[in-house]
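I'll drop the sequence and a predicted model, then ask my questions.
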Amino acid sequence: MIKYKKYVTVFAVIFLCYLLIGCAHTSMNPDYSGPKPLPANLEKEFDYIRFNGVYSSDVIKENKKIIIKQIRFTPGTNIIEMDHDIILDYYDIKGNLKSPVIMVLPIFGGSNYFANTFAEYFADNGYSAIIVHRQKKYKTFDDLDKMDKILRQIVFDHKQALDWVGMQSDLDSESIGVFGISMGSIKAALISSLDKRIKTSVMCLVGGNLPEIIATSDEKGVVRRREEYMKKHDISVEEFHDRLQSKITCDPINYAEYMDAENSLMVLGWFDSAVPYKNGNGLWEKMGKPEKITMLTGHYTAILGLPYIKMKSLDFFNRKLK
């Protein structure tokens with residue numbers, strides 16, 4: 001009887017969480033006419049030396065279905081004064097069949113728990129997964145002049161990760177999706193706009209207008225770096241925002257119209273204050289109003305909807321890639 005009550009309590013808590021989360025689904029805009037072609041000046045701006053070189057591969061984990069390998073190589077294109085390697089965790093599905101690929105992009109700080117969880121989930125459901133490790137060196141506000149270059153280097157890093165995918169005979173480079181949460185989704189929006197090898201995108205807790213997001217976000221790491229910079233330079237939040245506005249052009253909001261809205265899914269939190277809902281909705285409108293899920297959560301309480309996000313993301317990839 002006690003055991004039965006325990007299960008009833010757990011079920012009630014889970015059910016209450018789903019009630020509290022709530023979800024509103026918005027279908028794809030029926031009047032969408034397709035993405036605009038990438039202008040020649042942007043193609044030139046993001047031209048780069050493709051990676052086709054030497055990389056290391058080490059097995060870090062293995063089970064009956066999957067071998068997880070860590071891939072490491074030096075980028076051929078590096079426009080910033082920061083030496084770094086591109087590191088990928090490759091969830092390789094055992095067998096000889098060519099598989100579609102999901103590129104999973106991690107959150108801004110903390111562990112790679114969410115990236116690992118989603119990569120394993122996608123691999124269990126027939127997709128090879130690639131986690132592109134974030135670069136700790138990129139998380140700096142010390143020199144705002146470097147921030148736009150860092151964002152551009154992020155694009156080049158992910159383009160070169162896609163080059164690596166294209167080198168693998170067991171990966172279907174014609175069926176590549178990208179999944180991101182928070183900062184990972186901002187990266188996903190950038191690379192989806194600027195590289196047509198990405199065929200479909202799922203972006204959770206995403207937003208455009210980076211100067212505004214950085215100046216208003218309550219994400220702990222962003223707040224700490226922002227306050228340190230403002231104190232060091234003795235400026236207000238408004239002045240900090242204006243400086244960012246004058247420096248940053250590599251921003252999802254500026255490239256949104258080049259992303260294919262028909263093959264994109266956005267998941268937003270109505271009460272999100274780390275990547276504010278209005279910034280996500282502004283990006284959604286600029287893209288052409290793709291399919292959207294709005295959860296009645298904040299940025300961090302969205303974790304309550306993790307099973308739902310996994311299910312809806314997989315369903316979307318199945319519809320678009322398989």
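In hand now; what should we look at?

mind listing the strands in the chain by residue range?
Assigned by DSSP state E, the chain shows strands spanning 23-26, 56-62, 66-73, 86-93, 99-105, 128-132, 171-181, 198-204, 264-269, 291-295.

Show me where the stretch 101-250 of the chain dips below the pLDDT cut-off.
141 (pLDDT under 70).

In JSON lines, list the strands of the chain along with mean neighbour count and distance to Gly280.
Just so you know, the C-beta spots here come from the backbone N, C-alpha and C atoms, and that holds for glycine as well. Compiled in JSON lines, the strands of the chain are given as follows (neighbours: other Cβ atoms under 10 Å; distance: least, Cβ to Cβ, whole Å):
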{"stretch": "strand 23-26", "mean neighbour count": "12", "distance to Gly280": "12"}
{"stretch": "strand 56-62", "mean neighbour count": "11", "distance to Gly280": "34"}
{"stretch": "strand 66-73", "mean neighbour count": "17", "distance to Gly280": "31"}
{"stretch": "strand 86-93", "mean neighbour count": "21", "distance to Gly280": "27"}
{"stretch": "strand 99-105", "mean neighbour count": "26", "distance to Gly280": "16"}
{"stretch": "strand 128-132", "mean neighbour count": "26", "distance to Gly280": "22"}
{"stretch": "strand 171-181", "mean neighbour count": "23", "distance to Gly280": "12"}
{"stretch": "strand 198-204", "mean neighbour count": "26", "distance to Gly280": "9"}
{"stretch": "strand 264-269", "mean neighbour count": "26", "distance to Gly280": "4"}
{"stretch": "strand 291-295", "mean neighbour count": "21", "distance to Gly280": "9"}
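
For those strands, give me TSV that also has distance to Ser192.
Formatted as TSV, those follow (distance: least, Cβ to Cβ, whole Å):
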stretch	distance to Ser192
strand 23-26	19
strand 56-62	27
strand 66-73	22
strand 86-93	18
strand 99-105	10
strand 128-132	14
strand 171-181	6
strand 198-204	4
strand 264-269	7
strand 291-295	14
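
Compare those strands and give me the one nearest Lys36.
Nearest to Lys36 among those is strand 264-269; the distance by Cβ to Cβ comes to 14.2 Å.

The closest one - contacts with which helices or strands?
Judged by 3 or more Cβ pairs under 8 Å, 6 or more residues apart in numbering; DSSP states H and E, strand 264-269 is in contact with strand 198-204, helix 277-287, strand 291-295, helix 306-321.

looking at the ones you listed, which is closest to Ile214?
The closest approach between Ile214 and any of these, judged by Cβ to Cβ, belongs to helix 277-287 at 10.6 Å.

Now that closest one: buried residues?
Applying a neighbour-count criterion of 16 or more other Cβ atoms under 10 Å, the buried positions in helix 277-287 are 277, 279-284, 286-287.
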